[in-house]
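Asks: Structure of the sequence below:
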Amino acid sequence: PRTYAETRRQRTFTRATMPPHKQADIDYLVTKQVPKLMNELVRHLIQQRPTEVVSSLITHLMDTHPQYAKDSGEYSYLKAHGIDKLFEEWQQKLNEEKPENELEWLKTAISNVNSAEKSPPSEPTVAPDKALLRRQSSANFHRCMKNKALTIVVFGACGDMARKCLWPALFELYCQHQLPPALSIVGFGRSEVWFEQFHTKIQTFLPKERWGEQLMNAFVSHCTYHRGVHDEPATFTSLRLEMEKKEKHHKVHSSNRLFYIALPHKHRVQTCQNIKHIMTDSGWNRIVLEKPFGTDLESSNELNNALAEYHREENLYRIEHHLGKTLVQNLVTVRVSNKVVSKVWDHKCIQAVIITHQEHTGVEAFGQWAAEYGIIRDIIQTRLLQLLALVAMEKPRDLTVDQLREKKVQVLSLVEEATLENCVLGQYVAEKKHSKGFRQEHGVPANSLTPTFASMVVNINSDRWQGTPFILKAGWGLKQHKTEVRIQFRPEYLPFGDQAGRNELVIRIAPDAAVYWKMNCKTPGLNTSLHQTELDFGSLKRYKDLRATDAYPALLNDVLCGDQSSFVSAAELSEMWRIVTPLLNQIEEEKVQPLAYPRGTRGPPEADALAERHGFLYDSRYVWRG
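Replies: You can find the predicted model right below:
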């Protein structure tokens, strides 16, 4: 994997101007890397015995470690911590003292530096909220972009995902001054109607009530529509000429290009192949891919292998929009920066983990798509398994992309394959308050066996999680809409016995973000009975002056900043498909009949029985009133 220095080769920071969320990287560099580097440089001094210590050290540094070149971020870190001044101090002391044994003198100097670097800070450090700090510091990065043109090409500009999510997200970034003045947004599609009424249609998707009509008109003036076919090279030739014309009009010397692909699976490889011929040579090129990422392990690997022929992994951003939500990005911070949490984060204390995504609406206009992919491919394979990885992964050394991805792949590789014996499948049917069951939805075959609900139990073969089941539950047409992670702890029996309910740490991601801990307390009054209440951490209530960024704008901002930590890597994708593909094959080969459940309910009762069989206890007496 590429190092942080290599991915940021063109950017130079000092301690004062660098992004705050990278300060943890500096601390690691200074406490771990700098002493090792200094030992190496001292060996060089002893061998060469140069007249000028500083110039010799820096020359050796550049020759042996290209990442520490003067135009790189790592060299700025060394300089920011006074390492160059330390070299000069050594030079001066060597000239003044002229020690008989320079080797012992330098060993002592290195020992003093290393012990100083390892000493604890004078004030306690708090792990930064990666998402919040990145949002606050991104302005520094975008100031570097203001003299560069940015062209965004949206493939599938007429699709539902673009209309509901992408166009509003781009508009919000524009209104928050996160896009450069030299901006061009090109919608790419086949529709003749869109070609003629492009600006009018875009305006219907934008929240002009919030930002005002003037900003909306300014944003729309940057947008154009290019009509074409995804598999015709001539179309991409004309697209390239159009982009070059717009970039030339902005009178800038360099340009960046972002390609957003919201197309069906069958068009993606050909589109990515054609994109290879319209990339810029004067800036970065990045490709954002919407779901689905294949239909099983084989098709996913074929897609990734095909993409690897044309584009490097560091330029690919596979987007799952729930990973951009505030509390998803705060999951790692909550569990690794709080001692009270990290000390109980294993099978000895945790009884079960249940990760849930429920939607109260049916599939409605997406019936044909839902009948083809189903709830397991759409929700469990990407969204819920990504949440599992964030909950169960080992503590990363730092918050760099490489570290986060390495830890996620590591834990996903230890997850056992899902089995039909530990799975409950369901399909919603019409209920008197609702007019349609799944098979009556538009585009769904009358005899469809595609599940709209699935609850499955998977196990992780690691020392930390051996014996703790992870229950993944998702469904359409259920009682309420919510996405949450619920960690249920093992019971305390004495002295209250079964009267004491189990503690739970609940991280509610949507619709109302919240973090609360279910606790047992004595009921007020003369009796000694218990009741469950909660410690409500009120994640968003505390930050009244800050507006929580929606998931799509946050993720697009990450793409512009080159931050892949909230995007799915090819290795993660392969492991996630490995977990569910055998189950999908068995369901389709055996034509498993899903259990019917009335629309607007909790789903099949068998799902609760499955969770209870694996140790999760559902307590209907407790109601969260947050």
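
Asks: Just give me the longest helix of the chain.
Replies: helix 570-590 (DSSP state H).

Asks: And the very next helix or strand once past that helix, how far out from the chain middle?
Replies: Sequence-wise, the next helix or strand downstream of helix 570-590 (DSSP states H and E) is strand 595-598. Offset of strand 595-598 from its chain centre (C-alpha atoms, centre = their mean, to the nearest Å): 34 Å.

Asks: Do me a favour and average the pLDDT over strand 595-598.
Replies: Throughout strand 595-598, pLDDT has a mean value of 95.

Asks: repeat for stretch 267-276
Replies: Computed over stretch 267-276, the average pLDDT equals 89.

Asks: Could you list every helix and strand that the longest helix of the chain packs against?
Replies: Packing contacts for helix 570-590, counted by 3 or more C-beta pairs under 8 Å, 6 or more residues apart in numbering; DSSP states H and E, involve helix 297-310, helix 385-392, helix 401-412. Where you see a C-beta, it was placed from the backbone N, CA and C, and this is true even at glycine.

Asks: Quick one: residues in contact with the shortest one.
Replies: The contact list for helix 385-392, computed with C-beta atoms under 8 Å, 6 or more residues apart in numbering, reads 320, 322-323, 328, 331-332, 335, 353, 355, 408, 411-412, 415, 458, 460, 462, 464-465, 470, 472, 485, 487, 568, 572, 576, 579-580.

Asks: Among those, the buried ones, what's the PyMOL command?
Replies: To isolate the buried members of those in PyMOL, using 16 or more other C-beta atoms under 10 Å:
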select buried, resi 320+322+323+328+331+332+335+353+355+408+411+412+415+458+460+462+464+465+470+472+485+487+568+572+576+579+580
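
Asks: Check Val515 and give its pLDDT.
Replies: 88.

Asks: quick one: contacts for the residue nearest to it when sequence neighbours are not counted?
Replies: Leaving aside its sequence neighbours, Val515 sits nearest to Phe537 (C-beta to C-beta, 6 or more residues apart in numbering; 4.2 Å). Residues near Phe537 by C-beta under 8 Å, 6+ apart: Ala514, Val515, Tyr516, Trp517.

Asks: neighbour-wise, which of these leads?
Replies: Comparing the contacts of Phe537 by number of neighbours (other C-beta atoms under 10 Å), Val515 comes first, having 22 neighbours.

Asks: and that residue, what helix or strand is that in?
Replies: strand 514-522.

Asks: Also Thr356?
Replies: Assigned by DSSP H and E, Thr356 falls in strand 350-358.

Asks: so what strands line up beside that strand?
Replies: strand 470-475 (parallel), strand 482-489 (antiparallel) (DSSP bridges).

Asks: which one of those lies closest to Gln593?
Replies: strand 470-475 (16.5 Å; C-beta to C-beta).

Asks: Figure out how far the closest one is from the centre of its chain.
Replies: Worked out by C-alpha atoms, centre = their mean, strand 470-475 lies 20 Å from the chain centre.

Asks: CA atoms only for it, dumped as PDB, please.
Replies: Only the C-alpha atoms of strand 470-475 are listed here, as PDB (Å, rounded to 0.1, in the frame of the first residue of the first chain):
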ATOM      1  CA  PHE A 470     -23.300 -10.700  15.100                       C
ATOM      2  CA  ILE A 471     -26.900 -10.400  14.000                       C
ATOM      3  CA  LEU A 472     -27.500  -8.500  10.700                       C
ATOM      4  CA  LYS A 473     -31.100  -7.600  10.100                       C
ATOM      5  CA  ALA A 474     -32.600  -5.600   7.200                       C
ATOM      6  CA  GLY A 475     -36.000  -5.200   5.600                       C
END
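
Asks: how many degrees apart are it and helix 385-392 in direction?
Replies: Orientation check (axes from the mean of the first three to the mean of the last three C-alpha atoms, to 10 degrees): strand 470-475 against helix 385-392 gives 150 degrees.

Asks: Check the gap between Ile509 and Leu241 for me.
Replies: Distance, Ile509 to Leu241, using C-beta to C-beta, to the nearest Å: 44 Å.

Asks: Look at those two and report which has more neighbours.
Replies: Neighbour totals were compared for Ile509 and Leu241, and Ile509 leads with 25 against 11 (other C-beta under 10 Å).

Asks: what pLDDT does that one get?
Replies: So Ile509 comes in at 89 (pLDDT).

Asks: quick one: contacts for it?
Replies: Ile509 touches His322, Lys325, Leu327, Val328, Thr483, Glu484, Val485, counting by C-beta under 8 Å, 6+ apart.

Asks: for the fifth one, what are its contacts?
Replies: Going back to what we said before, that points to Thr483. By C-beta under 8 Å, 6+ apart, Thr483 lies in contact with His322, Thr356, His357, Gln358, Arg383, Arg508, Ile509, Ala510.

Asks: now the last one
Replies: The contact partners of Val485, by C-beta under 8 Å, 6+ apart, come to Leu331, Val353, Ile354, Ile355, Thr356, Leu387, Val391, Val506, Ile507, Ile509.

Asks: Closest to Gln203 out of these?
Replies: Distance to Gln203 across the contacts of Val485 (C-beta to C-beta) is lowest for Ile509, with 30.9 Å.

Asks: From the chain's centre, how far out is the helix or strand hosting the closest one? Work that out for me.
Replies: Ile509 is part of strand 504-510, with elements assigned from DSSP H and E. Distance of strand 504-510 from its chain centroid, counting by C-alpha atoms, centre = their mean, is 18 Å.

Asks: cool, stretch 360-380 as well?
Replies: Put simply, stretch 360-380 sits 23 Å off its chain's centre (C-alpha atoms, centre = their mean).

Asks: Can you give me the neighbour number for Lys98?
Replies: 9.

Asks: measure it to Trp105 for me?
Replies: 10 Å.

Asks: Is Lys395 in a helix, a strand, or coil?
Replies: coil (DSSP: H, G, I helix; E, B strand; the rest coil).

Asks: Which elements pack onto the strand holding Val515?
Replies: Right, strand 514-522 is packed against strand 504-510, strand 530-536 by 3+ C-beta pairs under 8 Å, 6+ apart.

Asks: out of these, nearest to Asn557?
Replies: It is, among those and with distance given as C-beta to C-beta, strand 504-510, at 19.0 Å.

Asks: Let me know the angle separating the closest one from strand 514-522.
Replies: Going by the same axes, to 10 degrees, strand 504-510 makes 150 degrees with strand 514-522.

Asks: Give me the sheet partners of strand 504-510 and which way each runs.
Replies: Here, using DSSP bridges, strand 504-510 pairs with strand 482-489 (antiparallel), strand 514-522 (antiparallel).

Asks: Other residues contacting the strand holding Thr356?
Replies: Under C-beta under 8 Å, 6+ apart, the answer for strand 350-358 is 322, 344, 379, 383-384, 387-388, 391-392, 468-475, 478-491, 502, 611, 614-617.
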